[in-house]
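Peer 1: need coordinates for the below:
(2 chains)
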Amino acid sequence: MKTRRNAELGLLGFAMLLVATFGWTVEANQYGTVSATFWVPAVLLSILFLGLHVVVRLTAPYADPVLIPAVALINGIGVAFLRRLDIARAIAQKDPMPGVFAGTGGRQLAWTLASLILAAVLLLVVRDHKIVSRYAYTLGLAGIVLVMIPAVLPGSLSEVNGAKLWIKFGAFSIQPGEFAKLALVSFFAYYLVRKREVLSLASHRVLGLDFPRGRDLGPVLTVWLLSLLVLVFEKDLGTALMYFGLFVVTLYVATERSSWLIIGLLLFFGGVYVAYLLGEAVGGPFANFYDRASIWLDPFAPKYIDNEGYQLVQGLFGLGSGGLFGSGPGAGSPGFIPEVRTDFIFAGLGEEIGLFGLSALLVTYLLIVERGLRAALAVRDSFGKLVAGGLAFTLGLQVFVILGGITGLIPLTGQTTPFLSAGGSSLMANWLLVAMLLRISNAARGPAAGGVGPDRPGPKKAPTQLHGAMTEVIKP
Amino acid sequence: MNAPLRRAGVVVLVLFGLIFANLNWIQAYKADEYRTASRNPRVTVAEYERPRGVIEADSGTALAENKATDDTLKYLRVYPKKEIYAPVLGYKPVSIGATGIESSENDFLSGESDKLFADRLSDMFTGEETGGGNVILSLKTKVQEVAWKQMTNNERGATKGAAVAIDPRTGAIQALVSMPSYDPNQLVTHDKTVASKAYQQLNADKDQPLLNRALSQTLPPGSTFKVIVSAAALQNGYDVDTEIPAGSEYKESGAVIHNAEDEVCPGGEISLKEALTESCNTGYAKLGVKLGADKVKAEAKAFGFEDDSLKVGDLESGDGLKVAASHTGNIANPDGSTDKGALAQSSIGQRDVRMTPLQGALIAATVANGGEQKRPYLVQKLLSPDRRTIYTASPKTKANPIDGKVASKLKEMMVSVVENGTGKKAQIDGMTVGGKTGTAQNAEGADPHGWFIGFAFNDKGEAVSAVCVMLENVSGGHASAEAARIAGLIMKAAAGSGGN
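Peer 2: Numbering: from 1, shown residues only, chains lettered A, B, ... in the order given. From the prediction side, this is the model:
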């Protein structure tokens, strides 16, 4: 099979051209003239992505050629849009044009550099994705710890906008949940590859569906409880939905039993509904969720419109003001939308690029997710399938949760918009996710069947003897 | 494992499809609603992109204009006369709702009115931003400023009150004062927190400076209500010199009516004209009871009582400042029969009778205009941004409560009040002035409210002005005398600046 690396390079060039055009339009709209240096951020980004491209050429030559350009486009638009907000702020404060590394846009550029270095290191170190399964239990433990840290920390150290998803030290804060999803997917994949036979075969039939035995429900119930605890103590439906969704989907993919999906969905939405009723009746730890659900039901209610519902309503106004075509980059007023640099960046962007621009962005996200799932389909080992499928689906779910939140489709939660919103944790974690997908797609599209062939690149000490026996149970 | 993976792909597709559908809903279907929502700050910024129309007095003096700024909202609204015109103009703040003419004529002032469609269209071709249309009010600066000055510097130290002057022939409002007032400039500052703080402070002020006392507040009218009872009597067979029973005291169903002073109508009978001139309480109480509650209520209603739909502003659109309904009260026992005690008290403007100062001015104007009540208005003209006249008010008749004969008898009686009776302070050299005073008890131990309603004819016999002056809680006795004095000065100013 062809490596298609040149296609990747071409697409990357096109993506960077779009980012440069965005920067040009921003300056034209904000200042009326375009400075001689409008292209600098786009070129810096191009150099960074080119670096990753070279690393991919060397370490994963058969990797999917669409992933990097698609992610680079979103990341680049994110940097350019954050810079646009910095420019608007500088104009309002009568400051000169912010430097390339100044403000949120500059910081995001620096975070991109750090994220790409991490992604490159992952590609260089993990030459075979199955190595990861060796550390499955460590990763699982780390994942759970990362999820739980913000829940047990006092609110002053973990709460931002009502959601306890952070660890804050001083001016610096990270969202451990972003990294936890990577660790948890790896752990689930490993666990399920080992258990899938039991989980999928032992069952009884009810109403034409195969239901698992009671004792096999244990792990599902554990994760369900864990996600509901997250919902209650981290006050965040989106995160709970993400963890639970990612587990149920990997479980479903592993066992091919749709009953798991039905059980999972019923459990989750039942739990959410009960939490809503409890929030209404007893309040306490459930009150926050009840409030969020009430705001979601009617953000324009006089009770909410100037208070808790303000950001949602302003986000909708931003999107609506953009209309079909948008005002054009730099010509809107995204500054009116609260949290436009983080949670609401999609709404701010929507005002300027309109329904058509947002649809293009949505398709780009869809492309990344479906390319990830395609790698899962094509890769030959079960562990790889589950990791790639789980990661890709999680990414899609996260995009759904935050975009659904700001567009009023589901209750708003404090998720970041992958690759777009300002913040290092999210960017780094999602680039690591992409690096993992690149690695798995390389195995999938590479010439070596199963990735265990003699010509497989990487260290000679392949850990196949222990894990191969477990994971490579491929059903006829 | 591939089949479930494919299905997971379909699930993602469906989820993204939902987002896409919802984006269509927001950015296409609901886009216009969100784009133009009053809570959308972009709407505010767009509103301040072009200068808002100017509001001017009859003489061309600017009452509300704009100053260019260098912040995101490009123009600052300025009210150069501060509190004098505030009850009429209202204010147009950044985030609080607009009031007054600023609110009722907002479409025209902002330039969005259909009347300015042609101007907007030509702007599209020329690329100019010409701004909103201009509103010319019927208010006369001289009358308004005399009224404001006399009210705020009244000789009794009253702090609350209102004055309205109307041209009886057209219904054009010449002056409208509400005291205390407020400086609208503090509310329209672009600093929203400063504006909202100022608003909250005004709103919490116990003297209620934001209340338009001329239009929105009703108070017991006292003896000014006798004009209504007189009209009812004249329409039911009485004449100016018909003798009516009076006396120093009148007891009726538990209510006891006295006169203001012992020397007022102590005898058994008094003519109708004399009764009004001296403001004979017992005479009017007995007269009201004789006529019956239905006739008194019907007469008051014919003059405009109980009407809660009146707005003063633009005669064409009917929009404007809302006028509270004046009431006569029920005057009935729980079983539905007439409460004669209440009727006796109501006939002298006490008990549950409540009136706005505007209603008082309308009564006087109706009498002065031969029984034809003109609909009051404030907007005299609308000018396009380039000052082409788009609309000129054409006076409308609101009601004909009395015919010309009754009106001229009432006029004769009211002129007698000013020439020989309680309203002498309202006299103006060289003019024929008529009116009626009122001193209204309102609360146990509180000083009474002083009222005067009246009209003035110039030497050509033209009814140049009808006014109502109301001062709340006037100390020092003869509360209505001060009101009559101020009314005289207002009408003199109105006559001076020319009838037409």
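Peer 1: what's the per-residue pLDDT of the residue of chain A found nearest chain B here?
Peer 2: Ranking the residues of chain A by distance to chain B (CB to the nearest CB) places residue A:320 first, at 2.4 Å. Any C-beta I mention is one placed from the backbone N, CA and C, and that applies to glycine too. On pLDDT, residue A:320 comes in at 94.
Peer 1: residue B:337 now?
Peer 2: If you check residue B:337, the pLDDT there is 88.
Peer 1: residue A:172 now?
Peer 2: With respect to pLDDT, residue A:172 has a value of 74.
Peer 1: repeat that for the one 10 residues further on.
Peer 2: Residue A:182 is assigned 90 on the pLDDT scale.
Peer 1: quick one: low-confidence parts of chain A?
Peer 2: Applying pLDDT under 70 to chain A flags the ranges A:161-163, A:171, A:202-203, A:208-212, A:214-217, A:219-220, A:227, A:231, A:448-476.
Peer 1: what about the strands in it?
Peer 2: A:159-160, A:163-164, A:167-169, A:172-174, A:203-206, A:209-212 (DSSP state E).
Peer 1: in which helix or strand does the nearest residue to residue B:410 once chain neighbours are set aside reside?
Peer 2: In space, and not counting its chain neighbours, residue B:410 is closest to residue B:367: 4.8 Å by CB to CB, 6 or more residues apart in numbering or on different chains. For residue B:367, the host element (DSSP states H and E) is helix B:357-368.
Peer 1: show the average pLDDT along that helix.
Peer 2: 95.
Peer 1: gap between it and the chain center?
Peer 2: 12 Å (CA atoms, centre = their mean, to the nearest Å).
Peer 1: now stretch B:242-254
Peer 2: That offset, for stretch B:242-254, works out to 35 Å (CA atoms, centre = their mean).
Peer 1: average pLDDT across that stretch?
Peer 2: pLDDT averaged over stretch B:242-254 gives 88.
Peer 1: please, where are all the helices along the stretch 301-450 of chain A?
Peer 2: With DSSP state H, counting those that start in this stretch, the ranges of helices along the stretch 301-450 of chain A come out as A:302-305, A:310-322, A:345-378, A:382-406, A:424-445.
Peer 1: which ones are touching residue B:44?
Peer 2: Neighbour list for residue B:44: B:73, B:94, B:95 [criterion: CB atoms under 8 Å, 6 or more residues apart in numbering or on different chains].
Peer 1: the residue nearest to residue B:410 against residue B:455, yeah?
Peer 2: Yes. Counting by CB atoms under 8 Å, residue B:367 touches residue B:455, with 6.6 Å between them.
Peer 1: about what we covered before: how many neighbours does the residue of chain A closest to chain B have?
Peer 2: 25 (other CB atoms under 10 Å in any protein chain shown).
Peer 1: thought it was touching residue B:28?
Peer 2: No. The criterion here is CB under 8 Å, and residue A:320 misses it with residue B:28 at 9.4 Å.
Peer 1: now for those two: what residues contact both?
Peer 2: Overlap of the contact sets of residue A:320 and residue B:28 (by CB under 8 Å, 6+ apart) is empty.
Peer 1: re the thing from before, of the contacts of residue B:44, closest to chain A?
Peer 2: residue B:95 (9.7 Å).
Peer 1: got the contact list for the residue of chain A closest to chain B?
Peer 2: B:26, B:27, B:30, B:31, B:32, B:33, B:34, B:35, B:37, B:40.
Peer 1: from residue A:84, how far out is the fourth one?
Peer 2: Which is residue B:31. The gap separating residue B:31 from residue A:84 is 22 Å, by CB to CB, to the nearest Å.
Peer 1: disregarding residues adjacent in the polypeptide, which is nearest to the closest residue to chain A within chain B?
Peer 2: The minimum distance from chain B to chain A, using CB to the nearest CB, falls at residue B:34 (2.4 Å). What sits nearest to residue B:34 in space, not counting adjacent residues and going by CB to CB, 6+ apart, is residue A:320, at 2.4 Å.
Peer 1: where does chain B have low pLDDT?
Peer 2: Looking at chain B by pLDDT under 70, you get B:127-129, B:497-500.
Peer 1: who in it is up against chain A?
Peer 2: By the criterion of CB under 8 Å from any CB of the partner chain, the positions of chain B lying close to chain A are B:1-6, B:8-9, B:11-13, B:15-16, B:18-20, B:22-24, B:26-28, B:30-35, B:37, B:39-42, B:45, B:72.
Peer 1: before we move on, back to that, of the contacts of residue B:44, which is the nearest to residue B:388?
Peer 2: residue B:73 (27.8 Å; CB to CB).
Peer 1: quick one: contacts for the nearest residue to the closest one once chain neighbours are set aside?
Peer 2: Spatial nearest neighbour of residue B:73, chain neighbours left out: residue B:48 (3.9 Å); criterion: CB to CB, 6+ apart. Taking CB under 8 Å, 6+ apart as the criterion, residue B:48 is in contact with B:72, B:73, B:74, B:75.
Peer 1: just residue A:277 next, same as before
Peer 2: Residue A:277 neighbours (CB under 8 Å, 6+ apart): none.
Peer 1: then the one 4 residues further on?
Peer 2: Residues touching residue A:281, when contacts are defined by CB under 8 Å, 6+ apart, are absent altogether.
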